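Visitor: heads up, no residue letters with this:
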């Protein structure tokens with residue numbers, strides 16, 4: 001199922017926690033992968049990239065194969081000994097209209113990228129340079145941050161991290177996530193009225209039941 005631009009925007013407005021819960025509490029990447037800018041919000045279909053550690057040649061190619069609105073998801077083998085993505089590539093992504101980048105590895109020029117405003121998620125910062133020696137893959141199934149990512153899967157990111165939603169489930173996950181967000185808003189109202197989480201969720205009864213065993 002392909003999502004509309006409005007659906008993608010809706011994903012971006014939801015907390016990744018709601019998206020992950022709606023996705024069966026799955027799809028969340030390794031928590032070491034975090035945004036450069038904590039205020040970052042990102043959503044879009046994945047363009048997957050696999051490259052050798054310390055080699056960014058294939059990333060350059062992928063930037064120009066990705067459609068506007070896509071998220072580059074890069075399996076760099078969790079290598080953090082160099083930064084295969086920097087300011088120049090960030091500007092190239094923005095000029096192509098990409099929605100963001102996720103790297104299972106490191107980046108450099110992090111301050112410049114934050115100022116540019118490109119959503120970028122990575123494991124670490126490292127000013128180390130890279131080589132252009134090997135050709136990797138684009139738009140094949142990869143693993144990134146411990147999660148299997150296929151081309152077209154929906155990638156959602158915010159301060160808490162990155163969640164990957166299988167493309168064929170994206171519509172139903174979005175509806176469930178909207179429902180969770182709406183229920184949480186009601187819970188907030190009840191808490192402000194003096195109710196407790198024990199009352200609202202029925203945890204008081206659950207505790208009694210478990211204590212009596």
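Guide: Nice, thanks for sending it over. On a predicted model such as this, the values are computed, not experimentally measured, just so you know.
Visitor: quick one: the strands in this protein?
Guide: Defined through DSSP state E, the strands belonging to the chain, from first to last, are 34-35, 42-50, 71-79, 100-107, 120-122, 124-125, 137-138, 142-144, 147-149, 154-158, 161-165.
Visitor: possible to save these as a markdown table with mean pLDDT?
Guide: Output for the strands of the chain, formatted as a markdown table (pLDDT from 0 to 100):
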| stretch | mean pLDDT |
| --- | --- |
| strand 34-35 | 98 |
| strand 42-50 | 98 |
| strand 71-79 | 98 |
| strand 100-107 | 98 |
| strand 120-122 | 98 |
| strand 124-125 | 97 |
| strand 137-138 | 98 |
| strand 142-144 | 98 |
| strand 147-149 | 98 |
| strand 154-158 | 98 |
| strand 161-165 | 98 |
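Visitor: So for residue 187, which of those strands sits nearest?
Guide: Within these, the stretch nearest residue 187 is strand 154-158; the backing value is 20.0 Å (Cβ to Cβ). (Each C-beta comes from the backbone N, C-alpha and C, glycine too.)
Visitor: residues making contact with the closest one?
Guide: Strand 154-158 is contacted from outside by 3, 8, 11-12, 14-16, 19, 35, 40-46, 71, 73, 100, 102, 119, 121, 149, 162-165, 167, 170, 173, using Cβ atoms under 8 Å, 6 or more residues apart in numbering.
Visitor: Next, the angle strand 161-165 makes with it.
Guide: Using axes from the mean of the first three to the mean of the last three Cα atoms, to 10 degrees, the direction of strand 154-158 lies 160 degrees away from that of strand 161-165.
Visitor: for the helix or strand of the chain with the lowest mean pLDDT, packing partners?
Guide: Least confident helix or strand, the chain: helix 203-211 with a mean of 92, by mean pLDDT, DSSP states H and E. The elements that helix 203-211 packs onto, with contact taken as 3 or more Cβ pairs under 8 Å, 6 or more residues apart in numbering; DSSP states H and E, are helix 197-201.
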